[in-house]
Every structure is written in C-alpha cells, then in structure tokens.
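A.B. asks: got a predicted model here, sequence first, then my questions.
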Amino acid sequence: MGNISINIDKTFGFISKEAVSGYEAAVKASNAALHAGTGKGNDFLGWLNLPSSTTAEHLADIEATAKILIDNCEVVVVVGIGGSYLGAKAVIDALSNSFDWLQTERKYPVIVYAGQNIGEDYLFELQSFLKTKKFGIISISKSGTTTEPALAFRLLKSQLEAQQGKEAAKKLIVAITDKARGALRTLATQEGYKTFIIEDNIGGRYSFLTPVGLLPIATAGFDIKQLVAGAADMEKIAGMDTPFAENPAAIYAATRNELYKNGKKIEILVNFHPKLHFVAEWWKQLYGESEGKENKGIFPAAVDFTTDLHSMGQWIQEGERTIFETVISVKEPNHSVSVPSDDANLDGLNFLVGKSVDQVNKMAELGTMLAHVDGGVPNIKIELPKLDEYNLGQLLYFFEKACGISGYVLGVNPFDQPGVEAYKKNMFALLDKPGYEAESKAIKAKL
Ligand SMILES: O=P(O)(O)OC[C@H]1O[C@](O)(CO)[C@@H](O)[C@@H]1O
C-alpha cells in the first residue's frame, strides 16, 4: 500500500542536517509529553489515539446515519465553521470528481456547506437552490454557540420544516455537538434529532476523525474505514517507538522549527492538484490556530500550482526571502490522459505526444522546486502514493501529530485559540448583544 514520506534534502542549502538532527531530543520530549499528557493543553489530547481506538460499532453507527441521509436527500448541507467543516471538505473535495455537482447520475447526495461565512448573498442563493431539493442538514458546532453556523442553521432548519413538515424534517437533521453544554445540544434534545458527541478533549481542528469529519465524508460516499485505517497506521509510524530519522512527523516538526529560527517566517503549502485546495485550508487552520500566539509562529499560507505560478509565482521566486515551501506531491494520479498528436502542431506541443498529462505536471513540479530553491526558497516534499481515503487518513493525522510536536518545540500551547475571541467580542458589542452593554459603549466611542 505504501506510506506517505517526507524529503527535506532541499532545505539543506539553508539549514544544516546537523541542526535538524539537533532537534532530536526536543522533538522526542515533545512527543513524549503528548503521549504522557504532561504538556500544555493536555486536556485536549483526545485526538492522539483516536485512530486506533475508533471501534467498528462507532463507524457502523455513522455509516447507518449516513445511509438515511443518502437514501432521503439529493443535497446535504454541512453547517459548521473552522474545524467543524474543514476536515470534511478537505477529504470530500480531494476524493470527489472535480465536477461532482454537475453529475446527474448520482448515488450520493451533493454536499454543500453553510455556516462558514455570513454572506447574505451566499445564504440567499443557497436557500434558493434548496427550494426545489430534497435536502438534509448535518449541523456541527462543538460549542453550539458559534454565531455563523447558528445563524445558518436557524435559516435552514426553518426552510426544511416549511418544505417537509416538522416531523419529517427531524429525521433529516443530524446534530454533532458537545455532550452537555451549548444551544445546539439543548435544541437537539428538545427536537429529538439524531446526535453524535464531540468529546470535550478534542478541539475542532483536530476533529476530522470524529463524526465531525466522518459523517459528511460517509454521506458523500467515501470509505471512512479506510480513512481511519490510514490514520491508525500513521499513529504507529509517528509514535514514540519510531526513531527520529524515520518518523515523518518528527522530521517535519524539527525542520520547520529550524527554518523559522533562520528567518523563514512563512510556510507555503503547495499542491499540484486543485482537489487538494481544501487540504491546505484545513492545514492553515490547524497550524495557524495552534502556533500563532504569544507573538510567535510561522504564518501558514497556501498556493495551488501550476495555477498560482501565474499569479504568486513571481513573488515566490523573487520576493522577500522569508518563505519556505512544503509541497504535497501525489505519486500516481487516479486516471490517465495522454497528449494526442496534431498534424499542424501549431501550438508546438508535438514533443509531448504520448506523454501523460501527469508527466508534464511532474516536470512542472520538479522544475518549480529547483527554480524556487535556486531563488532562495527551502523546500520540503511530502509524497502520497495516491489520492485515496487511506492516504488522506495518513496525511491528515501526520499533520496533526507534527503540529502537536511542533507547537511544543516552539513553546506554545498548540490546543487553544484565545485570540479568536477578540473579533467575536467586538461583533457582539457592535450588534448590541444583551450582556455586552459596556463593550458596546466603549467600541462605539472609537468609531
Ligand atoms: O465547533 P464550534 O464550537 O462552532 O467552533 C468552530 C471553530 O471556531 C473556533 O473555535 C474559533 O475559530 C475554532 O477553533 C473552531 O474550529
């Protein structure tokens, strides 16, 4: 089956092999702190052994719930923001046909998203689209109080009830929230929705292997057992028993910390397949919320190549030298397309005849890497054998494990996100939310 692998050779013109190896003790201590639960944020380590502790019964419950949605819905709206939708969207997009929503012969519902923004036009257009559709809702919020998903759910719930009747609507709504607190839990209990629990010790950005990720992924028709199996294998590979040099999560954590120490303040996650765009969005939240605090932390950015070589390529090649790249490379594509011959050859592409499009893409990848390294951009390569559930499970768990280690090496708590509250407080004050009277007065005085 093959595992994902990491190659840091193209960082060595910028940092030394010895310096990376020098992190062995710190990385080992960080990994040990995660496993012993002795580090910062140790009440949020429920994700660590999740792959190996997920039971067949739990997966069967998720699959049975997905089946109800599959059998009864043309469209399923996943309502959530941040970690409450990004893992699902990352995996679903990576595995889906690029033109999924245009497929008419469907075995599975179209998955759309809401609650990840407050765009009035977005919600209007979504509601208009759903008017003629049999739809269901997976409402996800760990806290159950986040404004964006709560607002979207209020609108969609009332639309579904109007279209289907209150009783039928109840069977088409699944709520995924914490055990006891929060408005969504209260509402779900009151209405009798099917629910799944997000355990208190799993933060949103580490939750793709909970029902938060698994239910939407199963509803989209993908194999969640394989996703968990891939993650479980990576759990072993990135565990305490693997020597430093063979542990990809340890190597990644050490390398990016050494690059950061040497002035590389921005990490750009690169893909050469547009399906991976949302893997990068998921990764941005994971690393941004985990490491960006106490005035520290690598800024996580992302580009889609070769698309963005024609927009951001100039900056990456010749802009300020504070960046490094981490490329997600997919070894084998799932389909093959080769370049056809053309008698006129007006485009001059006959030199490519018989080559696969992926061969062209791979040379773009290699050529870009060499050009960027020559231009002063260190390069880390993470290779996946192919894009499937198993390898995505490995990849996402790899990033989670490396993030926990990396955060500890940096000296921060990788499991909290106190900075996110600032905008919420201001928004509530500006909207005159009850209880925010003093803040309202203070903020309005600044306007
Ligand atoms: O699932 P909830 O509680 O609605 O939170 C959604 C997201 O909001 C945050 O709390 C802050 O952005 C994230 O950490 C989380 O993934």
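C.D. replies: Here it is on my side, so go on. Residues are numbered from 1 along each chain as shown.
A.B. asks: pull up the residues of the stretch 201-350 of the chain that are close to the ligand.
C.D. replies: 204-205, 289 (CB under 6 Å from any ligand atom). All C-beta spots, glycine's among them, are computed from the backbone N, C-alpha and C.
A.B. asks: so can I have a markdown table of these showing distance to Leu214?
C.D. replies: A markdown table is the format used below for these (distance: CB to CB, whole Å):
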| residue | distance to Leu214 |
| --- | --- |
| Gly204 | 14 |
| Arg205 | 16 |
| Glu289 | 21 |
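A.B. asks: can you show me the CA trace of stretch 211-219 as CSV?
C.D. replies: Below are the C-alpha coordinates for stretch 211-219, written out as CSV (Å, rounded to 0.1, in the frame of the first residue of the first chain):
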residue,chain,number,x,y,z
PRO,A,211,-18.3,12.3,13.4
VAL,A,212,-17.5,15.9,12.6
GLY,A,213,-15.5,14.7,9.6
LEU,A,214,-16.6,11.1,9.3
LEU,A,215,-20.4,11.6,8.9
PRO,A,216,-20.2,14.1,6.0
ILE,A,217,-17.4,12.0,4.4
ALA,A,218,-19.5,8.8,4.6
THR,A,219,-22.6,10.7,3.4
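A.B. asks: now do it, average pLDDT.
C.D. replies: Across stretch 211-219, the average pLDDT comes to 98.
A.B. asks: same check, this time on stretch 175-186
C.D. replies: When pLDDT is averaged over stretch 175-186, the result is 91.
A.B. asks: buried residues of that stretch, list them for me.
C.D. replies: By 16 or more other CB atoms under 10 Å, the buried positions in stretch 175-186 come out as 175-178, 182, 184-185.
A.B. asks: out of those residues, list just those in helices.
C.D. replies: Counting by DSSP state H, the buried residues of stretch 175-186 place 184-185 in helices.
A.B. asks: how long is stretch 260-277 from one end to the other?
C.D. replies: 24 Å (CA to CA, to the nearest Å).
A.B. asks: how about the residues of the stretch 1-150 of the chain near the ligand?
C.D. replies: Going by CB under 6 Å from any ligand atom, the residues of the stretch 1-150 of the chain near the ligand are 81-84, 141-143, 146, 149.
A.B. asks: and whichever residue of the stretch 151-300 of the chain sits closest to the ligand, how many neighbours does it have?
C.D. replies: Using CB to the nearest ligand atom, Gly204 is the residue of the stretch 151-300 of the chain that sits closest to the ligand, at 2.6 Å. Other residues within reach of Gly204, judged by other CB atoms under 10 Å, total 26.
A.B. asks: which ones are touching it?
C.D. replies: Taking CB atoms under 8 Å, 6 or more residues apart in numbering, we find Gly204 in contact with 82-84, 142, 198, 212.
A.B. asks: in strands, which of those residues appear?
C.D. replies: Under the assignment DSSP state E, those contribute nothing to strands.
A.B. asks: circling back to that earlier point, mark which of the residues of the stretch 201-350 of the chain next to the ligand are part of helices, please.
C.D. replies: Those of those lying in helices (DSSP H): Glu289.
A.B. asks: is Asp233 in contact with Ile4, as I believe?
C.D. replies: No - between Asp233 and Ile4 there is no contact under CB atoms under 8 Å: 9.7 Å.
A.B. asks: please identify every residue contacting each of the two.
C.D. replies: Between them, Asp233 and Ile4 share these contacting residues under CB under 8 Å, 6+ apart: Gln394.
A.B. asks: which of those two has more neighbours?
C.D. replies: Higher neighbour count among Asp233 and Ile4: Ile4, with 23 against 19, using other CB under 10 Å.
A.B. asks: want to throw the buried residues of stretch 175-186 into CSV with distance to Pro340?
C.D. replies: Listed next are the buried residues of stretch 175-186 as CSV, based on distance: CB to CB, whole Å:
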residue, distance to Pro340
Ala175, 51
Ile176, 48
Thr177, 53
Asp178, 55
Gly182, 57
Leu184, 53
Arg185, 57
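A.B. asks: and the buried residues of stretch 175-186 as CSV, adding distance to the ligand?
C.D. replies: Supplementary listing: these in CSV, determined by distance: CB to the nearest ligand atom, whole Å:
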residue, distance to the ligand
Ala175, 12
Ile176, 9
Thr177, 8
Asp178, 8
Gly182, 8
Leu184, 8
Arg185, 11
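A.B. asks: nearest to Thr326 among the buried residues of stretch 175-186?
C.D. replies: Minimum distance to Thr326 across the buried residues of stretch 175-186 is 30.3 Å, recorded for Ile176 (CB to CB).
A.B. asks: show me what that closest one bridges to in the sheet.
C.D. replies: Residues in a beta bridge with Ile176, per DSSP bridges, are Ile140, Phe196.
A.B. asks: and the helices in the stretch 51-200 of the chain?
C.D. replies: Using DSSP state H, counting those that start in this stretch, the helices of the stretch 51-200 of the chain run over residues 56-72, 86-95, 120-130, 147-164, 166-171, 183-191.
A.B. asks: dump those helices to a markdown table, plus distance to Val112.
C.D. replies: Converted to a markdown table, those look like this (distance: least, CB to CB, whole Å):
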| stretch | distance to Val112 |
| --- | --- |
| helix 56-72 | 13 |
| helix 86-95 | 10 |
| helix 120-130 | 7 |
| helix 147-164 | 10 |
| helix 166-171 | 17 |
| helix 183-191 | 19 |
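A.B. asks: got CSV for the residues of the stretch 201-350 of the chain next to the ligand, with distance to Asn247 and pLDDT too?
C.D. replies: Putting those into CSV (distance: CB to CB, whole Å; pLDDT from 0 to 100) gives the following:
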residue, distance to Asn247, pLDDT
Gly204, 26, 97
Arg205, 22, 98
Glu289, 24, 98
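A.B. asks: in the stretch 301-447 of the chain, what residue lies closest to the ligand?
C.D. replies: Val420 (3.9 Å).
A.B. asks: so which elements touch the longest helix along the chain?
C.D. replies: Ranked by number of residues, the top helix in the chain under DSSP H is helix 389-410. Contact here means 3 or more CB pairs under 8 Å, 6 or more residues apart in numbering; DSSP states H and E; on that basis helix 389-410 packs against helix 24-36, helix 86-95, helix 224-237, helix 248-261, helix 277-291, strand 379-386.
A.B. asks: let's see it at 6 Å
C.D. replies: Counting contacts by 3 or more CB pairs under 6 Å, 6 or more residues apart in numbering; DSSP states H and E, helix 389-410 is packed against helix 24-36, helix 224-237, helix 248-261, helix 277-291.
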